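>>> next come a sequence and a model predicted from it.
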Amino acid sequence: MRRNRKSDWSRRLVQENALTVNDLIWPIFVVDGDNVRQSVTSMPGVERLSVDNAVRAAERAAKLGIPVLALFPYTDPDLRDDTGSEALNENNLTCRALRAIKKEVPEIGLMTDIALDPYTSHGHDGLLQDGVIVNDATVQQLCEQALVQADAGSDIIGPSDMMDGRIGAIRESLDANHYQDVQIMAYTAKYASAFYGPFREAVGANATLKGDKKTYQMDPSNGSEAMMEAELDIQEGADMIMVKPGMPYLDIVHRLKSAFSLPTFAYQVSGEYAMICAAGQNGWLDQDRAMWESLLAFKRAGADGILTYFAPQVAEALAK
Ligand code: PBG
């Protein structure tokens, strides 16, 4: 076996997988204000950006050839309420960012998150009634949220809420409102994970979240259940499916990609990013090498693309 590994040229020749800029989706955090950049403590190098700076980020991404940006809002705490009504405001932060980027950087794809957690005072992704996250009423509101985002220019709707039946309902309301070309990337297998911690700091949901999300996000013990989720999402009209978190769930990525032919994505979430950066900063591992290795692993597992906070850094290195 070592003959093929004997030199750099030979290793390159027999390489099975490679990462390209076309594999990357860059998640960014948006915040109110002008010329604002706020660092997120638990995500070294990641900042919340005001809309004008988000446009600069989109320009940078487009220049690098990153196909898609995913937008996540840090909603002013005063605008958060019980029902997450700000999600339906056509001038909310996400919509303003969508319009500004579409106007100035029309060549980049924009993905937006469907879920209520950045807008609710209780931090849950759905409507809370008597201590229960109610499914169908939430789905109805998510459909409206999707329409508001599609109208503002979202290209890919990313439902991350894990309510039942939301993909079909959102597809139907998009089609009924002339948004038949808007794609849906379903957060198909989204686990109730500890690895979302730093994200919740970034969108300000740490302080608000009461309890946990185990009644709607998946149990980390389960694998076959992800197959069932995928069957439903595909049947309901998903264009792409996703697994989240990424690295602890590579088996799920592999199983989904092997069983279905849809484009399949992995989300290298905030906690995965934070771990690699923290160990790197401590000198406990080589951050750059760990980053490449972690991303290649997604390709090897069968992912067609990766949502990663390393996207700009990786794209810059690939461009050299
Ligand atoms: C919210 C949402 C979360 C993430 C993306 N969308 C957090 C959660 O479900 O609590 C996590 C992303 C990350 O950790 O990078 N629906």
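Yep, that arrived. Numbers count the residues shown, from 1 in each chain.
>>> what about Gly84, how many neighbours?
Gly84: 28 surrounding residues under other Cβ atoms under 10 Å. In short, each C-beta sits where N, CA and C put it, glycine included.
>>> list the contacts of it.
Residues near Gly84 by Cβ atoms under 8 Å, 6 or more residues apart in numbering: Leu116, Asp117, Pro118, Tyr119, Thr120, Leu127, Gln141.
>>> and for the first one, the neighbour number?
Looking back up the chat, that one is Leu116. Residues near Leu116, counting by other Cβ under 10 Å, number 27.
>>> ramachandran angles for the residue nearest to it when sequence neighbours are not counted?
Closest residue to Leu116 apart from its sequence neighbours, by Cβ to Cβ, 6 or more residues apart in numbering: Gly84 at 3.6 Å. Here is the backbone geometry of Gly84 (degrees, to the nearest 10): phi 60, psi 40.
>>> and Gly84, how far from the ligand?
Distance, Gly84 to the ligand, using Cβ to the nearest ligand atom, to the nearest Å: 11 Å.
>>> over to Leu147?
Noted for Leu147: a distance of 18 Å to the ligand, by Cβ to the nearest ligand atom.
>>> so which bits of the stretch 151-300 of the chain are right by the ligand?
Contact residues, the stretch 151-300 of the chain versus the ligand (Cβ under 6 Å from any ligand atom): Ser160, Asp161, Tyr196, Phe199, Arg200, Val269, Ser270.
>>> which parts of the helix or strand of the chain with the lowest mean pLDDT are buried?
Of all helical and strand segments in the chain, the minimum by mean pLDDT, DSSP states H and E falls on helix 197-202, at a mean of 92. Of the residues in helix 197-202, Pro198, Phe199, Arg200, Glu201, Ala202 count as buried by neighbour count, 16 or more other Cβ atoms under 10 Å.
>>> what is it packed up against?
Counting contacts by 3 or more Cβ pairs under 8 Å, 6 or more residues apart in numbering; DSSP states H and E, helix 197-202 packs against helix 270-281.
>>> what is the mean pLDDT for the helix it packs on?
Mean pLDDT, computed over helix 270-281, is 98.
>>> other SSEs contacting the following helix or strand past that helix?
Sequence-wise, the next helix or strand downstream of helix 270-281 (DSSP states H and E) is helix 287-301. The contact analysis (3+ Cβ pairs under 8 Å, 6+ apart) places helix 287-301 against helix 250-259, strand 264-268, helix 270-281, strand 305-308, helix 311-319.
>>> now do the same end-to-end measure for stretch 148-166.
16 Å (Cα to Cα, to the nearest Å).
>>> now the helices for the protein?
Remark: helices assigned in the chain by DSSP state H are 8-13, 51-64, 93-104, 135-152, 166-176, 197-202, 224-236, 250-259, 270-281, 287-301, 311-319.
>>> what's in contact with the last one?
The contact list for helix 311-319, computed with Cβ under 8 Å, 6+ apart, reads 19-21, 24-27, 45, 57, 60-61, 64-66, 291-292, 295, 308.
>>> now swap in the first one and tell me
Helix 8-13 has contacts (Cβ under 8 Å, 6+ apart) with Arg3, Asn4, Arg5.
>>> which residues touch the last one?
Arg5 sits next to Arg11 when contact means Cβ under 8 Å, 6+ apart.
>>> next one, pLDDT for it please.
At Arg5, the pLDDT value in this model is 98.
>>> what about it, distance to Ala100?
Distance, Arg5 to Ala100, by Cβ to Cβ, to the nearest Å: 49 Å.
>>> same deal with the second one?
When distance is defined by Cβ to Cβ, Asn4 is 50 Å away from Ala100.
>>> then the first one?
As defined by Cβ to Cβ, Arg3 lies at a distance of 55 Å from Ala100.
>>> neighbour count winner among the two?
It is Ala100, of Arg3 and Ala100, that has more neighbours when counted by other Cβ under 10 Å, with 18 against 6.
>>> I'd guessed the more buried one sits against Val55; true?
Yes. Ala100 lies in contact with Val55 (Cβ atoms under 8 Å); the separation is 5.3 Å.
>>> who are the contact partners of Met291?
Contacts of Met291 (Cβ under 8 Å, 6+ apart): Ile276, Phe310, Gln313, Val314.
>>> model confidence for the third one, exactly?
According to the prediction, Gln313 has pLDDT 97.
>>> can you tell me the residue of the stretch 1-150 of the chain closest to the ligand?
Closest contact between the stretch 1-150 of the chain and the ligand, by Cβ to the nearest ligand atom, is at Ala115 (3.5 Å).
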